[in-house]
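Asker: Need a 3D model of the following:
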Amino acid sequence: MLDAASKAFFHGLARSTALKRLASRYGLRKPNSFGRRFIAGERIEEAIAAARDIEARRLTFTLDLLGESVGNLAEADAATREYLRILDAIIGSGIGRNVSLKLTQLGLALDRATTVDNLRRILDKAEPAGFFVRVDMEDSPFTDVTLDVVETLWQQGYRQVGTVLQSALYRSEKDLSRLNALGIRVRLVKGAYKEPRTVAYQRKADVDAAFVRMTKALLTEGNYPAIATHDPVIIETTKRFAAEHGVGPDRYEFQMLYGIRRDLQTALVDRGYRLRVYVPFGREWFPYFMRRLGERPANVGFVLRGIVRG
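Answerer: Numbers count the residues shown, from 1 in each chain. Here you go, the predicted model:
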């Protein structure tokens, strides 16, 4: 895990329009391009191909069309219509039906009511077709409103929708109690955003400790939780706690990112655990890619080697 200054550096790069343009030209142009390590491609067809490969390895997946913070409501409507097209493509392909999305794609930074309407449009198509829709969590200014939107749709009877909590945020353990009480499915992550110390733990040890506490609460009180980590120690802690409390492997799943620790993914499935791979795709992949680099030094080395090799 990089230190706070290095993480902030990569988050700064994520906002660079010049780097984004350069990456769009070269980052995914070849099958072995550096961006392909973490991104399935720019088109839904490429994401579907990646999903087929994952299913062939006896794993499941969720597809995420990358994109954040649209500039106007017309763009939010376009993103919503694109998700509806993606649902049709997934149905036609015969692969598993699980997607993730960000609410700022649907207009959350602009208008809450429009965002609720856009999410409802997606759920109205997704739920009858057997999809599960995960609403991703973004940086802390959007935490309250994201949870509010998910709860609003839940209270309106939508049950194949869940969300994400980040153990790095101080508030997340209280939020988890609230979601568990409602029965809303939660994906637990550590958190990839650079957050101020006023709202988030700054030390890795504190983030990890909160993650373990929340994992235990999810296993005993949650509804089919997703434990999203690549940390072997936390994975073993999760498995041991679940076994000690009579929580079978069919009552939760591990989740990992596309392109990271395929060996560990396969090992877990071989031992009877469920593993879902988070598969990002789309033209707006650069900010996500920079956050992945900001999480692990090994990722930086991989990319630098890829650039040198052309």
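
Asker: Which of the helices or strands spans Asp77?
Answerer: Per DSSP states H and E, Asp77 falls inside helix 73-93.

Asker: mind listing the helices for the stretch 51-200 of the chain?
Answerer: Along the stretch 51-200 of the chain, the stretches classed as helices by DSSP state H, counting those that start in this stretch are 73-93, 112-126, 143-155, 172-182.

Asker: Check the average confidence over the helix holding Asp77, would you?
Answerer: If you average the pLDDT over helix 73-93, you get 98.

Asker: quick thing: my sequence starts at 27, can you match it?
Answerer: Happy to do that; since the first residue is 27 now, the last one works out to helix 99-119.

Asker: okay if I get the helices of the stretch 77-226 of the chain as TSV plus mean neighbour count?
Answerer: Yep, even glycine has a C-beta here, placed from its N, CA and C like the rest. Listed next are those as TSV, based on neighbours: other C-beta atoms under 10 Å:
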stretch	mean neighbour count
helix 99-119	17
helix 138-152	18
helix 169-181	17
helix 198-208	16
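
Asker: Put together TSV for the ones you listed, with distance to Met282 on each row.
Answerer: Shown next, in TSV, are the helices of the stretch 77-226 of the chain (distance: least, C-beta to C-beta, whole Å):
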stretch	distance to Met282
helix 99-119	21
helix 138-152	23
helix 169-181	23
helix 198-208	20
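
Asker: now what about the helix holding Asp103, what contacts it?
Answerer: 70-71, 74, 77-78, 89, 91, 93, 96, 123, 125, 127, 131-133, 136-137, 140-141, 144, 147-148, 151-152, 155, 157 (C-beta atoms under 8 Å, 6 or more residues apart in numbering).

Asker: Throw together a PyMOL command that grabs the buried residues out of those residues.
Answerer: Selection of buried members from these for PyMOL, criterion 16 or more other C-beta atoms under 10 Å:
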select buried, resi 70+74+77+89+91+93+96+123+125+127+131+132+133+136+140+141+144+147+148+151+152+157
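
Asker: what angle do the helix holding Asp103 and helix 138-152 make?
Answerer: Interaxial angle of helix 99-119 relative to helix 138-152 (axes from the mean of the first three to the mean of the last three C-alpha atoms, to 10 degrees): 10 degrees.

Asker: And helix 99-119, how far out from the chain middle?
Answerer: From the chain centre to the centre of helix 99-119 is a distance of 18 Å (C-alpha atoms, centre = their mean, to the nearest Å).

Asker: and what of stretch 245-265?
Answerer: Distance, centroid of stretch 245-265 to centroid of chain: 15 Å (C-alpha atoms, centre = their mean).

Asker: Pull out the buried residues from it.
Answerer: 245, 248-249, 251-257, 260-261, 263-265.
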